[in-house]
Each structure stands twice: as structure tokens, then as C-alpha cells.
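Colleague: pasting the structure only:
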């Protein structure tokens, strides 16, 4: 029901690139997260980007 009630609000937020005002779900697998810091996560993401593509 909450999803339905906030539909217009979330749509407007999406059109304005306001992710902090949208429903961003982590899911039930949150306990499986394996990073202690954001820098560790981004380091792994960058390592998977082909050379010349990372900026």
C-alpha cells in the first residue's frame, strides 16, 4: 500500500534525479554484503571495468 500511496511522489523524484526521495530497496540479502567500506566496493567495481573506460 505504501508503494501505491507514494507513486506520484517517487515518479516526480525520478524525473528530477532525486534518488534520496525514491524507494531504494536493499532486499533480504543485506546480511550477505561483504564490504566494510565504500572504497573497498568501488575498488572492486573499477577493477572490473575494461582499461580506458574507467574515469
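Modeller: Sure thing, it's come through. Fair warning: this is a prediction, and the values are worked out from it, not measured in the lab. Numbers count the residues shown, from 1 in each chain.
Colleague: ranges for the strands of this protein?
Modeller: Shown for the chain, no strands are assigned by DSSP state E.
Colleague: how about the helices of the protein, start to end?
Modeller: All helices of the chain, identified by DSSP state H, fall at 2-5, 7-15, 38-47.
Colleague: now those as a markdown table including mean neighbour count, mean pLDDT and distance to residue 32?
Modeller: Where you see a C-beta, it was placed from the backbone N, CA and C, and this is true even at glycine. As requested, the helices of the chain are exported to a markdown table (neighbours: other Cβ atoms under 10 Å; pLDDT from 0 to 100; distance: least, Cβ to Cβ, whole Å):
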| stretch | mean neighbour count | mean pLDDT | distance to residue 32 |
| --- | --- | --- | --- |
| helix 2-5 | 8 | 77 | 24 |
| helix 7-15 | 12 | 87 | 26 |
| helix 38-47 | 10 | 86 | 13 |
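Colleague: closest one to residue 21 among these?
Modeller: helix 7-15 (3.8 Å; Cβ to Cβ).
Colleague: now do that closest one: distance to the chain's middle.
Modeller: Taking Cα atoms, centre = their mean, to the nearest Å, one finds the center of helix 7-15 at 16 Å from the center of the full chain.
Colleague: who touches it?
Modeller: Helix 7-15 has contacts (Cβ atoms under 8 Å, 6 or more residues apart in numbering) with 19, 21, 22, 23.
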